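[1] everything below, folded, please.
(one chain, ligands or ions: 2)
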Amino acid sequence: MNFYPEFEVVRNDSRCIRCRVCERQCANEVHWYDEDGKIMLSDESKCVNCQRCVTLCPTRALKIVKSDCRLRENANYSDQTIKEIYRQAETGGVLLSSMGNPNPLPVYWDKILINASQVTNPPIDPLREPMETRVFLGKKPEHITRNADGSLDTKLAPQLSLSMPVMFSAMSYGSISYNAHASLARAASALGIYYNTGEGGLHEDFYKYGKNTIVQVASGRFGVHKDYLEAGAAIEIKMGQGAKPGIGGHLPGTKAVGDVSKTRMIPEGSDAISPAPHHDIYSIEDLRQLVFSLKEATEYRLPVIVKVAAVHNIAAIASGIARSGADIIAIDGFRGGTGAAPTRIRDNVGIPIELALAAVDKRLRDEGIRNNVSIVCGGSVRSAADVVKAIALGADACYIATAACLAMGCHLCRSCHTGKCNWGIATQRPDLVKRLNPDIGSQRLINLMDAWRHEIKELMGGMGINSIEALRGNRLMLRGVGLTEKELQILGIAHAGE
Ligand code: SF4
Ligand code: SF4
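    Ligands and ions are numbered 1, 2, ... in the order given. I've put the predicted structure just below:
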């Protein structure tokens, strides 16, 4: 069915100098030059509003606007819903989407406000006083213990040391480009934090960033071997992902080319499909076996992270993981991004990270096992304020991925699954990959994290708190606005004014 395009290309012809930059820059082949009419034309039906042509047009002759031409929609059947039914009636296929859930469900971060000190318990000036943003992730002892000679027993389970409570979340080589991985690896190394291989293995060029790398083991086991495990600073078992809880991963064969197939250890051009379950894990005891197999394989040097999607019974699941021998739990909320997910799964499965995080922290505290594990939360952490709120709700650190992609130049056109990312991030096409310069990409990531670090210090200073450790789980520093009693109860915070 032929729909009116979602976006319109508006070209100011008096400004257009026919330089054809837009034509060369658009991987979707929207623009072309008509030799006869000596005019630029466009096929708007292919436009995904990535803004590449708008940004690079030298005369500001272009803008892309959302079309106001809609099907006859109503409050029940939106324009989008009708089009999706038409599309499925034509193809018989599952709809695919990229990035996180875009639906107008509550964003609890925006309904939580942070405290500030006033007269008593004065604020701390972060420019003049030391503020500690370092965190250590891993199992902590319950009590101080002493050796036979009376000295302190300082032996700890393996820890990840972060200069600030933010890490780059899993994005596989394959779903994102070589240059995007290079940017993340270099930035993590310069910042003293970590990036995450995702389920695509580790390209041989990036082994040198190993001490700032979290290597992931997913159900497909792509690219997993002893050297890979030993190369990282921590191992993450991926049980679930916020954007697509309950299902596996799928990298189309068109993206499994060259180094991507070599790194994943699969034949070139074959689909890389991770099954929904790990076929050796059907209980916490099974998970424990994998946790300890990985520890054994790496001589107990590395902490093991278990990553799960935020789902209805997340607190009970986390309780099991905390008893499995894992050192860190990573919880991924339903707004978490992805390179490709079935639209129905992405938009309808899972729960908000804010509620999941609060429920998990409370459950682990109630059961007296909070120190067994650190908690890392992800799934749409968009700013330093979100980080501070997450820490106060009980997280030890946050994972970011969409925000990291934005820092590298992503324009959220939500077309990663097409492999034609005009910004060189979610693509393997060599002509597109080279558009992202890793020198610039990594510097922009470093800048973003530096800015967030300053803001975190300012927000903590305002509260009269001088360390992440003192903020962790300090829900007295938070107040809700416009939330129900039940929501406040789950978040464990009071309403503003109380
Ligand atoms: S980039 Fe701008 S000036 Fe150049 S052809 Fe396209 S619209 Fe015209
Ligand atoms: S897809 Fe991107 S580059 Fe192509 S016309 Fe649309 S906004 Fe411009």
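
[2] okay, CA-based contacts and neighbour counts for the rest of this
    Will do.

[3] now do the longest helix belonging to the chain: which elements does it pack against?
    The residue-count maximum for a helix in the chain (DSSP state H) belongs to helix 438-463. Contacting helix 438-463 under the criterion 3 or more C-alpha pairs under 8 Å, 6 or more residues apart in numbering; DSSP states H and E are the following elements: helix 178-191, helix 384-393, helix 402-408.

[4] what's around the residue of the stretch 201-350 of the chain found nearest ligand 2, how many residues?
    Nearest residue of the stretch 201-350 of the chain to ligand 2: G339, at 17.2 Å (C-alpha to the nearest ligand atom). For G339, the tally of surrounding residues (other C-alpha atoms under 10 Å) stands at 26.

[5] show me which positions of the longest helix of the chain end up buried.
    Buried residues in helix 438-463, counting neighbours by 16 or more other C-alpha atoms under 10 Å, are found at 438, 441-446, 448-449, 452-463.

[6] if we can go back for a sec, quick one: residues contacting the residue of the stretch 201-350 of the chain closest to ligand 2.
    By C-alpha atoms under 8 Å, 6 or more residues apart in numbering, the residues touching G339 are S97, S98, M99, S175, I176, C416, H417, A426.

[7] hmm, try it at 10 Å
    Residues counted as contacts of G339 (C-alpha atoms under 10 Å, 6 or more residues apart in numbering) are 96-100, 171-172, 174-176, 243, 249-251, 414-419, 426-427.

[8] repeat for V119
    V119 neighbours (C-alpha under 10 Å, 6+ apart): none.

[9] what distance do you get for it to ligand 1?
    57 Å (C-alpha to the nearest ligand atom, to the nearest Å).

[10] near ligand 1, which residues of the stretch 1-150 of the chain show up?
    With C-alpha under 6 Å from any ligand atom as the criterion, the stretch 1-150 of the chain meets ligand 1 at residues 11, 16-22, 57-59, 61-62.

[11] on that earlier part again, tabulate the helices and strands packed on helix 438-463 in JSON lines, adding columns for distance to ligand 2.
    What follows is these, written out as JSON lines (distance: least, C-alpha to the nearest ligand atom, whole Å):
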{"stretch": "helix 178-191", "distance to ligand 2": "19"}
{"stretch": "helix 384-393", "distance to ligand 2": "29"}
{"stretch": "helix 402-408", "distance to ligand 2": "15"}
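
[12] for these, which one sits closest to ligand 1?
    Closest to ligand 1 of the helices and strands packed on helix 438-463, according to C-alpha to the nearest ligand atom: helix 402-408, at 22.1 Å.

[13] who are the packing partners of whichever helix or strand comes after the closest one?
    Toward the C-terminal end, the helix or strand that comes next after helix 402-408 (DSSP states H and E) is helix 430-433. Contact here means 3 or more C-alpha pairs under 10 Å, 6 or more residues apart in numbering; DSSP states H and E; on that basis helix 430-433 packs against helix 178-191.

[14] how far does the helix it packs on sit from the chain's center?
    15 Å (C-alpha atoms, centre = their mean, to the nearest Å).

[15] neighbours of the closest residue to I345 other than its chain neighbours, just the number please.
    Distances taken as C-alpha to C-alpha, 6 or more residues apart in numbering place K244 nearest to I345, at 5.7 Å, with adjacent residues excluded. Each residue near K244 was counted by other C-alpha under 10 Å, and the total is 31.
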